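Asks: sequence and predicted structure, then a few things I'm wondering about:
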Amino acid sequence: MSLRAVRVRNLLLLLAIFATIVVAGCWDNRRTMQRVMEEGYPVLLEITGAQHQRLAPFALDGWRPRFVEQSLSVDVKWQGRDGKQHVFRKVPVTDTFAGTIVQGEQVRLAVVPGKALDDPHAVPVINADAVGRLASLQEWTGASALAAVAAWLGFGISSLWLARGRLARSTAAGAAAAFPLRRTSFGFVALLLGVALTFRAWSVQEATSAVAGAVETTAEITSATTVPAAASGQTHVLQLSWTDAQGRVRHAGPVPVSDRFWSKITQNGQLVVHRTPIRYSDEGLGARPVLVDDPPARSWRIEAALGIGIVLMVVGSGCLFSAARAVKRATTGQAH
């Protein structure tokens, strides 16, 4: 029974480490992708090859390892701003985009618009696949984070249970009282609630910031007006128009803007700036674009949830650490 429990604990440890690596890899991929979309320059990416990544979901960019979350990746090349030809291997693509370039076992070599940086560690972004990959990364992060939390909690519980068994065997009487059960239970509950609250707040914030964060273009401000707010006061709104990657003319509005951005584009109530960069989703025609120079502010509820979640994680971790030290002291004392 004890040997089986040890094997289960070791298996949970392996699962926890692997899931944590996946979370870190997805977070790094999303951070790099957002950096390329914000700081990169438009390029035409030539797809030169593809490979499956199911059995080997990792790549090496020089010395730096990178997690490849998709089942298919492509090799691309482009002409950089420095006048040199750049090549990047194993750029992940979603199954939806892969269906447009893969026919059976053959890869259709194509030239697609994208964004890139002259950085050997910055993975280029394919415009047509940006929305899908951001959503996929969000799903991967959520699933692997839940798996990591469950595995780490299982590993902690099994480790404390084994320690309790050793303590019970070393103290024939009063072993249950010697084990800090209340402290351990409170620590696990606080840690679990903290992780869940923090991850939920982070997910909402990420979803809000990436609502239309895939394709960047310049929109024409067709009108700018001030209208009564829903509660009280007034709010500033814009009507926007732009041409998407498929050549369709799209419109959006009313799009609310902040007072700071309003003062930047108007003078004495008159519109003086008629074009502004935006990011929009290429999947849904009804999705509202995001103004690059006027990103949505983070809600105070999200800030509060993040703060409470972090506090709960710190308190829960402290309780578990204290319980582990108590068990170790009791076991050591009985041994002597």
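Replies: That came through fine.
Asks: what sits against residue 149?
Replies: For residue 149, the contacting residues are 192, 195, 196, by CB atoms under 8 Å, 6 or more residues apart in numbering. Any C-beta I mention is one placed from the backbone N, CA and C, and that applies to glycine too.
Asks: if you could redo that for residue 24, that was the one I meant.
Replies: Taking CB under 8 Å, 6+ apart, one finds residue 67 in contact with residue 24.
Asks: what's the pLDDT at it?
Replies: Looking at residue 24, its pLDDT is 87.
Asks: that older thread, mind checking which of the contacts of residue 149 land in helices?
Replies: Under the assignment DSSP state H, the contacts of residue 149 contribute 192, 195, 196 to helices.
Asks: give me the ChimeraX select line for the residues you listed, limited to the buried ones.
Replies: The following ChimeraX line selects those of these that are buried, judged by 16 or more other CB atoms under 10 Å:
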select :192,195
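Asks: closest one of the ones in helices among the contacts of residue 149 to residue 35?
Replies: Nearest to residue 35 out of the ones in helices among the contacts of residue 149 is residue 195 (CB to CB; 26.3 Å).
Asks: nearest spatial neighbour of that closest one, skipping sequence neighbours?
Replies: Among residues not flanking residue 195 along the chain, residue 149 sits closest, at 5.0 Å (CB to CB, 6 or more residues apart in numbering).
Asks: now residue 322
Replies: Counting by CB to CB, 6+ apart, the residue nearest residue 322 is residue 183, at 6.3 Å.
Asks: enumerate every residue touching that neighbour.
Replies: 319, 322, 323, 326.
Asks: summarise which helices and strands the strand ranked longest in the chain is packed against.
Replies: As assigned by DSSP state E, the longest strand anywhere in the chain is strand 215-228. Applying 3 or more CB pairs under 8 Å, 6 or more residues apart in numbering; DSSP states H and E, one finds that strand 215-228 makes contact with helix 127-170, strand 234-243, strand 249-257, helix 259-265, strand 270-271, strand 275-280.
Asks: can you redo those as TSV with distance to residue 93?
Replies: Formatted as TSV, the helices and strands packed on strand 215-228 follow (distance: least, CB to CB, whole Å):
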stretch	distance to residue 93
helix 127-170	5
strand 234-243	25
strand 249-257	25
helix 259-265	35
strand 270-271	41
strand 275-280	20
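Asks: farthest pair within the contacts of residue 183?
Replies: Counting by CB to CB, the most remote pair of those is 319 and 326, 10.5 Å apart.
Asks: the two: which is more packed in?
Replies: residue 319 (21 against 17; other CB atoms under 10 Å).
Asks: that one falls within a helix, correct?
Replies: Yes: when DSSP: H, G, I helix; E, B strand; the rest coil is applied, residue 319 is found to be in a helix.
Asks: name the nearest residue to it, sequence neighbours excluded.
Replies: Once chain neighbours are set aside, the closest to residue 319 by CB to CB, 6+ apart is residue 187, at 3.1 Å.
Asks: what's that neighbour in contact with, if anything?
Replies: Residue 187 neighbours (CB under 8 Å, 6+ apart): 315, 316, 317, 318, 319, 320, 322, 323.
Asks: what about the protein, any weak spots by pLDDT?
Replies: 1-2, 104, 163-179, 202-214, 229-233, 245-246, 281-287, 296-300, 327, 330-336 (pLDDT under 70).
Asks: what do you get if the cut-off is 90, keeping everything else the same?
Replies: For the chain, applying pLDDT under 90 flags the ranges 1-13, 15-17, 19-66, 68-74, 79-86, 94-122, 125-336.
Asks: all strands of the stretch 1-150 of the chain, in order?
Replies: Ranges of strands within the stretch 1-150 of the chain are 41-52, 58-61, 64-67, 72-79, 85-93, 102-103, 106-107, 111-116, 125-126, based on DSSP state E, counting those that start in this stretch.
Asks: returning to what we had before: then the residue nearest to residue 319 would be within a helix, right?
Replies: Yes: counting by three-state DSSP, one finds residue 187 located in a helix.
Asks: now do residue 115: how many residues are near it, please.
Replies: 23.
Asks: wait, doesn't it sit right on residue 43?
Replies: Yes: counting by CB atoms under 8 Å, residue 115 touches residue 43, with 6.7 Å between them.
Asks: closest to residue 91 out of the ones in helices among the contacts of residue 149?
Replies: Distances from residue 91 to the ones in helices among the contacts of residue 149, taken by CB to CB, are shortest for residue 195, at 31.6 Å.
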